[in-house]
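> only geometry, no sequence info:
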């Protein structure tokens, strides 16, 4: 074992004994080894379930008070944050400002390595200032190693500006980190097959955690009815077809009826459902949805009580 790896306390930098001779393996043996290591990711995430639920609650509270969830990361961690944020508008019809992803090095870093971008805490602080972060926001740092200066600089400034803060890492958090942030999530899936390649197990764990936080918050915000995405935006043929199928299934309509209703609703599945249930027009349906915070179940209960 090299001296640097032996003395680096970060789990993400340790060598994995199971893959010590991975370079001698056949293609199938490599696949089996990586897959065996990947089996450790979901249990590691499960062990952090209560902390993930806490982050979900903080994100929901931020949304309900007009705040934002802002991911901050570098490298793979930053890209995963930007990815999660970018998927919210087409999936749940959110304003793009509601969930934001900030990556060290800016947009260039999404597809290219930006040398040294993660090493400057003042740049992270400047990014938080540029977004005018405030007390309603939840700024969530992502760094597999837990040590990225850019991320800590961003979170430190976010705290100064009154925001709530969280951190996701894939090594043991220090007592100082646990004391510094409102929630710290640390799924420990063990060293990587290729030492330090945190795009692998750490990246998978990160994706699972981010998926859970935003999906859970969107469910709590009424953007899911049953298990159906009812707040999606019809921006392409696939989503048009999905929207029509949701209306056909939930309202017992044929394809032409669903398409016509969706058109009258301006492409909004939720608005279409309320129009069908209440007999109102688009504007009336939108007012009803606003009054109940977008929760379709509440409108159904109101209709049942009145009916």
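Happy to help now that I have it. Predicted model only: the values in this text are computed from it and were never measured.
> excluding its backbone neighbours, what's nearest residue 182?
Counting by Cβ to Cβ, 6 or more residues apart in numbering, residue 182 lies nearest to residue 164, which is 4.8 Å off, once chain neighbours are set aside. No exception for glycine: its C-beta is placed from N, CA and C like everyone else's.
> Look up how far residue 206 lies from that neighbour.
Residue 164 sits 20 Å away from residue 206, going by Cβ to Cβ, to the nearest Å.
> Could you check which of the two is surrounded by more residues?
Per other Cβ atoms under 10 Å, whichever of residue 164 and residue 206 has more neighbours is residue 206, with 29 against 21.
> quick one on the thing from earlier: hmm, the residue nearest to residue 182 is touching residue 136, no?
No: Residue 164 is beyond contact range of residue 136, at 9.0 Å (criterion: Cβ atoms under 8 Å).
> Overlap of the contact sets of the two?
Jointly contacting residue 164 and residue 136 under the rule Cβ atoms under 8 Å, 6 or more residues apart in numbering are residue 62.
> returning to that earlier point: list the contacts of the residue nearest to residue 182.
Taking Cβ under 8 Å, 6+ apart as the test, what residue 164 contacts is 58, 62, 137, 138, 139, 182.
> cool, and residue 257?
residue 248.
> pretty sure it belongs to a strand, no?
No: Residue 257 is assigned helix when assessed by DSSP: H, G, I helix; E, B strand; the rest coil, not a strand.
> which secondary element of the protein has the worst mean pLDDT?
helix 3-7 (a mean of 51; mean pLDDT, DSSP states H and E).
> so after that one, what's the next helix or strand?
Later in the chain than helix 3-7, the nearest helix or strand by DSSP states H and E is helix 27-38.
> okay, and for this structure, where does confidence drop off?
The chain contains residues with pLDDT under 70 at 1-7, 305-307.
> This protein: strands as residue ranges?
69-73, 99-103, 138-142, 164-168, 183-185, 224-225, 228-229 (DSSP state E).
> Out of those strands, indicate the one that is most buried.
Among the strands of the chain, strand 138-142 has the highest mean neighbour count (mean count of other Cβ atoms under 10 Å), at a mean of 31.
> Partner strands of it and their direction?
Strand 138-142 pairs in its sheet with strand 69-73 (parallel), strand 164-168 (parallel), by DSSP bridges.
> Distance of residue 205 relative to residue 42?
Going from residue 205 to residue 42 by Cβ to Cβ gives 9 Å.
> Settle it for me: which of the two has more neighbours?
Each of residue 205 and residue 42 has its neighbours counted (other Cβ under 10 Å); residue 205 has more, 27 against 14.
> my read: the more buried one touches residue 44, true?
Yes: assessed by Cβ under 8 Å, residue 205 is found in contact with residue 44 at 6.0 Å.
> which residues do the two both contact?
With Cβ under 8 Å, 6+ apart as the test, residue 205 and residue 44 both reach 187, 189.
> How many residues are close by residue 47?
14.
> Once you drop chain neighbours, what's closest to it?
With Cβ to Cβ, 6+ apart as the criterion, residue 47 has its nearest non-adjacent residue at 6.9 Å, and that residue is residue 187.
> mind listing what the one you found touches?
Residue 187 neighbours (Cβ under 8 Å, 6+ apart): 41, 44, 45, 47, 48, 170, 205, 208, 209.
> quick revisit: want to try JSON lines for the strands of the chain, with distance to residue 295 as columns?
Formatted as JSON lines, those follow (distance: least, Cβ to Cβ, whole Å):
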{"stretch": "strand 69-73", "distance to residue 295": "20"}
{"stretch": "strand 99-103", "distance to residue 295": "20"}
{"stretch": "strand 138-142", "distance to residue 295": "21"}
{"stretch": "strand 164-168", "distance to residue 295": "24"}
{"stretch": "strand 183-185", "distance to residue 295": "25"}
{"stretch": "strand 224-225", "distance to residue 295": "9"}
{"stretch": "strand 228-229", "distance to residue 295": "14"}
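> measure residue 241 to residue 235 for me?
From residue 241 to residue 235 the distance is 12 Å (Cβ to Cβ).
> for stretch 285-303, how far is the first residue from the last?
Across stretch 285-303, the terminal residues are separated by 13 Å (Cα to Cα, to the nearest Å).
> before we move on, what about stretch 290-297?
Using Cα to Cα, the distance between the terminal residues of stretch 290-297 is 13 Å.
> go on, stretch 61-79?
Per Cα to Cα, stretch 61-79 runs 25 Å from first to last residue.
> Which positions in it come out as buried?
Buried positions in stretch 61-79, judged by neighbour count with 16 or more other Cβ atoms under 10 Å: 62-63, 67-79.
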